[in-house]
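Undergrad: any chance you can model this:
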Amino acid sequence: MSEDRIVSLGDLPPAVTATGTDSFAVCQNPEGCGTNDTLAQMTLEQVSQFVVSQIPVTQPPQFIYQVVPYRVALSNDTMATVVTLDIPAGRWLVHAEAWFDLISGNASNVMRLAATLAPDTNYPADPAVDRSVTITAPSNVGVGCVLPLGWVYLDTADPVTYYLNVSASWNGSIAMAAYGKITGLSQ
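TA: As a prediction, this is how the structure comes out:
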């Protein structure tokens, strides 16, 4: 263990003359200065440039998205991929919305609407950190419905593609379509 020692400024030799009031005496020893260490003369600008150079540079968050404004026709009880988003390696918050459109038929015959946000096109069997699921059994979808999905936190070393998958179940003769969006915000 090293022995700590307190050295006062008065114990150190002067680095500048008393008339050099726009300069600073700077110790360049990261371990601390002693009475035998040489001090460097630096201007205020040099000191400020050094301090600023030591501040870590952070990148602003990156926002990526894919919006599909056209409708993807749905078949009863069949999953369809509405949109995909290629996400670069890194830390991301990923979110999606699925929009359902009742094109024709009786809205009260719609039994279930489902949407998943996942790195594949499968419905998950269990909850997982890398996916989000929303399922609703609407009593009446009227002309349509929007299902927001929960945020997924993603920390990946490799790029990954995320899928917004949807399905709908109905009775009778119905025509439905879906569209939506996926967004990503880097962390």
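
Undergrad: please count neighbours and contacts with C-alpha atoms only from this point.
TA: OK.

Undergrad: where does the prediction get shaky in the protein?
TA: Within the chain, the ranges that satisfy pLDDT under 70 run 1-23, 139-143.

Undergrad: repeat the analysis, applying 80 as the threshold.
TA: Scanning the chain for pLDDT under 80 picks out the ranges 1-48, 50, 57-58, 138-144.

Undergrad: quick one: the strands in this structure?
TA: In the chain, the segments counted as strands under DSSP state E are 23-27, 39-43, 63-74, 80-87, 90-104, 110-118, 132-136, 144-148, 152-156, 160-170, 175-186.

Undergrad: which helices and strands does the fourth one pack with?
TA: Which is strand 80-87. Where contact means 3 or more C-alpha pairs under 8 Å, 6 or more residues apart in numbering; DSSP states H and E, strand 80-87 is packed against strand 63-74, strand 160-170, strand 175-186.

Undergrad: residues contacting the second one, please?
TA: When contacts are taken as C-alpha atoms under 8 Å, 6 or more residues apart in numbering, the neighbours of strand 160-170 outside the stretch itself are 74-89, 96, 98, 109-121, 178, 180-182.

Undergrad: hmm, try it at 6 Å
TA: Strand 160-170 is contacted by residues 76-87, 109-119 when judged by C-alpha atoms under 6 Å, 6 or more residues apart in numbering.

Undergrad: that older thread, can you list the helices and strands packed on strand 80-87 in CSV and add distance to Glu31?
TA: Formatted as CSV, the helices and strands packed on strand 80-87 follow (distance: least, C-alpha to C-alpha, whole Å):
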stretch, distance to Glu31
strand 63-74, 42
strand 160-170, 45
strand 175-186, 38
